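> this one's structure only:
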């Protein structure tokens, strides 16, 4: 892709997200979401592969439907309340429509079906943008309206997403689909605590972005898209393979890694709110997710891939990826748990 075109598209992504962040009017926030969608669509289809075009088409139709639902919800709310302010989402019909639209836009269960298929058709760099930056604007909207949303619906969506994200990733062999189900599960953890402690949602989103960035950058460095390919990474970069296993375990929420921090704090908050059953279910879903992360660790560290002599050895190819982003995100994904008190004070 032409670097000038790439610069325009990335700038438009930043503009759309910033516009949604600073908006207090529904139409401006909707415009920011639409700019985001239109900016990422050419990035998704840039390789002109049929699978990428299919994924882009699915993504565009899904996002257009979600944007139409958001516009209809905001119009309905303005019709009954007379205000276009984002904080004033009080009409119950508009409320339900808004939750459904954001669930569709972010890939929350039960409207998650598009996310694994779309992510599977993208290259790893665009998949990283879709899994991290794409979540910021919708999450900002749901944070602004969190006090007006129905806690029962939020709990159902959160628990369903955590369950679907865990169960869906168990039988996958494609790494991008596994990362998609990982995204669904982590979004469930963020939504479940939204009503009680929004600052924990922001903390969980920040930790998720760091850990997912480290995972995607590592997969891009190794040029790995399937579990079988992971077995070849040890020959090229044994230290990176070791840290990758730890990053995956951190995504699963295993102590003493960074990923344990948001899960620990969210379970603690659910217990404080007298929701022991919900906290128990969420903890069990974390164990399900941890299983398929352990599968990836096993493939990387304890297996040797059977390769034919005539095939190109993938670990011999050189990468042009800058090492600094991978180093920073990996360090953050592994070592922030001791700083939990300081981070929590900053979040509050």
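The structure has been received and is ready for your questions. Since this is a predicted model, take the numbers as computed values, not measurements. Residues are numbered from 1 along each chain as shown.
> Mind telling me what element the spatially closest residue to residue 16 that is not a sequence neighbour is part of?
Leaving aside its chain neighbours, residue 16 sits nearest to residue 35 (3.3 Å; criterion: C-beta to C-beta, 6 or more residues apart in numbering). C-beta: built from backbone N, CA, C; applies to glycine. Here residue 35, judged by DSSP states H and E, is contained in helix 26-44.
> Show me how far that helix is from its chain's centre.
17 Å (C-alpha atoms, centre = their mean, to the nearest Å).
> Run a quick neighbour tally on the nearest residue to residue 224 once chain neighbours are set aside.
In space, and not counting its chain neighbours, residue 224 is closest to residue 230: 5.4 Å by C-beta to C-beta, 6+ apart. Using other C-beta atoms under 10 Å, residue 230 is surrounded by 27 other residues.
> same deal with residue 224?
For residue 224, using other C-beta under 10 Å, the count is 23.
> re earlier: contacts only, for the residue nearest to residue 224.
175, 222, 224, 296, 299-300 (C-beta atoms under 8 Å, 6 or more residues apart in numbering).
> before we move on, back to that, residue 19 is in contact with the residue nearest to residue 16, correct?
Yes - counting by C-beta atoms under 8 Å, residue 35 does reach residue 19; the two are 6.6 Å apart.
> the strands in the stretch 101-250 of the chain, which residues?
Applying DSSP state E, counting those that start in this stretch to the stretch 101-250 of the chain gives no strands.
> how about the helices of it, start to end?
Along the stretch 101-250 of the chain, counting by DSSP state H, counting those that start in this stretch, helices occupy 114-120, 124-131, 136-144, 151-168, 175-192, 198-222, 227-230, 233-236, 238-251.
> how about JSON lines for these, with distance to residue 327 and mean pLDDT added?
Output for the helices of the stretch 101-250 of the chain, formatted as JSON lines (distance: least, C-beta to C-beta, whole Å; pLDDT from 0 to 100):
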{"stretch": "helix 114-120", "distance to residue 327": "25", "mean pLDDT": "94"}
{"stretch": "helix 124-131", "distance to residue 327": "16", "mean pLDDT": "94"}
{"stretch": "helix 136-144", "distance to residue 327": "23", "mean pLDDT": "93"}
{"stretch": "helix 151-168", "distance to residue 327": "28", "mean pLDDT": "93"}
{"stretch": "helix 175-192", "distance to residue 327": "20", "mean pLDDT": "94"}
{"stretch": "helix 198-222", "distance to residue 327": "9", "mean pLDDT": "93"}
{"stretch": "helix 227-230", "distance to residue 327": "20", "mean pLDDT": "83"}
{"stretch": "helix 233-236", "distance to residue 327": "17", "mean pLDDT": "76"}
{"stretch": "helix 238-251", "distance to residue 327": "9", "mean pLDDT": "90"}
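> possible to save these as JSON lines with distance to residue 101?
Shown next, in JSON lines, are the helices of the stretch 101-250 of the chain (distance: least, C-beta to C-beta, whole Å):
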{"stretch": "helix 114-120", "distance to residue 101": "14"}
{"stretch": "helix 124-131", "distance to residue 101": "18"}
{"stretch": "helix 136-144", "distance to residue 101": "9"}
{"stretch": "helix 151-168", "distance to residue 101": "12"}
{"stretch": "helix 175-192", "distance to residue 101": "14"}
{"stretch": "helix 198-222", "distance to residue 101": "18"}
{"stretch": "helix 227-230", "distance to residue 101": "34"}
{"stretch": "helix 233-236", "distance to residue 101": "40"}
{"stretch": "helix 238-251", "distance to residue 101": "27"}
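> quick one: the residue nearest to residue 224 from residue 289, how far?
Residue 230 is 18 Å from residue 289, where distance means C-beta to C-beta, to the nearest Å.
> So which elements touch the lengthiest helix in the chain?
The longest helix of the chain (DSSP state H) is helix 50-81. Applying 3 or more C-beta pairs under 8 Å, 6 or more residues apart in numbering; DSSP states H and E, we find helix 50-81 packed against helix 26-44, helix 92-106, helix 114-120.
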